[in-house]
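> pasted the sequence and its predicted model underneath.
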Amino acid sequence: MNTKICFISQFKNLNRGSYRIWVNDLNIYFKQLGISSSIVNNITNEDVIIVDKEDVNKAANIKKQFPKKKIGLINPVVGSYDFADFIITGSIEEQLSLSNNKNVFLFPLIESLYQGISTKKHKHTNVLRFCYHGHYPHLAKFGPHLKAALEDFSKEINIELLIINGNPDFNWKIGRPNINIIFKKWNINRIIDDIMSADIGLCPNITYLKEYKCNNNIDFGLYSTDYAIRFKNKSNAGRCFVFHQLGIPVVADLTPSNLHILGNPDNGFIASKKESWINSFKQLSSHKTRNFISNNAKKEFDRLYNPLDWAKQLYKKINEI
């Protein structure tokens, strides 16, 4: 059965990640697989309607208009969506948070924007450039451990930190390290060059609950050495993916999705305490190590995250509803 799919989006803007990945790119992947797919303004004879994340509030009315068509939502906020036939999410964390709904499917944040790019060949540099790209509220997650690690490491070697986000004028206070920082606005026309100017990618996401208190009790398996961390339900490995695709080695935190690739130390580094961040930086100060790590991560990314494989699997699951 050649199920016909359409995407509904009022805000067609490639600067918006959810539109790029789950509307524009996914539509292209479906077409490459020979599936009838299109981005439409008016629904006609399509069998499946996938509603853009920014248009979720209209989805219930669309279902009332077209009760026999399957309605899919793109990564909505946590809630109950009884009218929806399926939901598309980008990570295990997101999928589980919406698991009170039926048919919650996974399509990772694979950006076609960065596919097919020759990866960076790392060379010796006199100034080691770290890079963060993403939504500015994540900048607070530099504190306390990554902030301290960068400040201490800057006493051993010349470093700088490139921050790329949609709001470079954001007054960054919490977690900001006292080192040389360069701010750039995210721009689709130069984002590849900007990120590839970096030597090491940083992906902080977790909040460490310093004030967390509990009764340590061996009968309940509770110890004073337990991790006490907090991360939002919309956590995903999308920021890591971009670095992997472009050949920038990554140091990231314990966010679950990061471990799918970075769980192998040949592919990059997971850090928690200040010392673990610094140990990773020391190893990546060698351009040979950077090349070794980034090449391995790219191969693993290509193996695990072929977008056509994921699109084919998603299409199969939609048809099985």
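Now that the structure is in, tell me what you want to look at. The structure presented is a predicted model; accordingly, all values stated were derived computationally and were not measured.
> thought I35 was touching I5?
Yes. Using Cβ atoms under 8 Å, I35 is in contact with I5, at 6.5 Å. Every residue, glycine included, has its C-beta placed from N, CA and C.
> which one of the two has more residues nearby?
I5 (22 against 18; other Cβ atoms under 10 Å).
> how much space between the more buried one and I110?
To I110, I5 is 18 Å away according to Cβ to Cβ, to the nearest Å.
> same deal with V23?
In terms of Cβ to Cβ, V23 sits 14 Å off from I110.
> could you do G175 as well?
Going from G175 to I110 by Cβ to Cβ gives 29 Å.
> please say which of those two ends up with more neighbours.
The neighbour count for G175 versus I110, taken as other Cβ under 10 Å, is higher for I110 (26 against 16).
> tell me the bridge partners for I164.
On the basis of DSSP bridges, I164 is bridged to H133, K184.
> my guess is I270 contacts T255. True?
No. Counting by Cβ under 8 Å, I270 stays clear of T255, with 9.1 Å between them.
> the more surrounded of the two?
Neighbours around I270 and T255, counted as other Cβ under 10 Å, are more numerous at T255. The numbers are 24 against 18.
> and the more buried one, what are its phi and psi?
phi -50, psi 130 (degrees, to the nearest 10).
> any idea how far it is from R176?
When distance is defined by Cβ to Cβ, T255 is 21 Å away from R176.
> then H138?
12 Å.
> low pLDDT regions in the protein?
1, 211-213 (pLDDT under 70).
> change it to 80
Within the chain, the ranges that satisfy pLDDT under 80 run 1, 210-215.
> show me what G72 bridges to in the sheet.
Applying DSSP bridges to G72 gives these bridge partners: I50, F86.
> I figured it hits E46, correct?
No. Checked against Cβ under 8 Å, the pair G72 and E46 is beyond contact range at 11.4 Å.
> higher neighbour count, those two?
For G72 versus E46, the count of surrounding residues by other Cβ under 10 Å is larger for G72: 23 against 20.
> how about the contacts made by the more buried one?
Neighbour list for G72: 48-51, 84-88, 318 [criterion: Cβ atoms under 8 Å, 6 or more residues apart in numbering].
> now N267
Counting by Cβ under 8 Å, 6+ apart, N267 has contacts 261, 293, 296-297, 300.
> can you list the domains in the chain?
Per the record, the chain has its domains at 5-110+306-320, 114-303, by automatic domain parsing.
> tally of neighbours for Y19?
Using other Cβ under 10 Å, Y19 has 21 neighbouring residues.
> quick check: phi and psi at it.
Per degrees, to the nearest 10, the backbone of Y19 is at phi -70, psi -40.
> which ones are touching it?
By Cβ under 8 Å, 6+ apart, Y19 lies in contact with 9, 11-13, 52-54.
> list buried residues within these.
Listed as buried from those are 9, 52-54; burial here means 16 or more other Cβ atoms under 10 Å.
> can you add secondary structure and give those back as TSV?
Listed next are the buried ones among the contacts of Y19 as TSV, based on DSSP: H, G, I helix; E, B strand; the rest coil:
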residue	secondary structure
S9	coil
D52	coil
K53	helix
E54	helix
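> N171: which of those residues is nearest?
Nearest to N171 out of the buried ones among the contacts of Y19 is E54 (Cβ to Cβ; 26.7 Å).
> nearest residue to the residue minimising distance to the centre of the chain other than its sequence neighbours?
Geometric centre of the chain, nearest residue: G238, 1.7 Å, by Cα atoms, centre = their mean. For G238, ignoring the flanking residues on the chain, the nearest one in space by Cβ to Cβ, 6 or more residues apart in numbering is L109 at 3.4 Å.
> equivalent analysis for F301, please.
Distances taken as Cβ to Cβ, 6+ apart place H244 nearest to F301, at 4.2 Å, with adjacent residues excluded.
> what kind of secondary structure is the one you found in?
Here H244 is helix, with the state taken from three-state DSSP.
> for this protein, what spans make up the helices?
Applying DSSP state H to the chain gives helices spanning 17-19, 26-32, 59-65, 92-97, 145-153, 191-196, 238-246, 259-262, 274-284, 287-304, 307-320.
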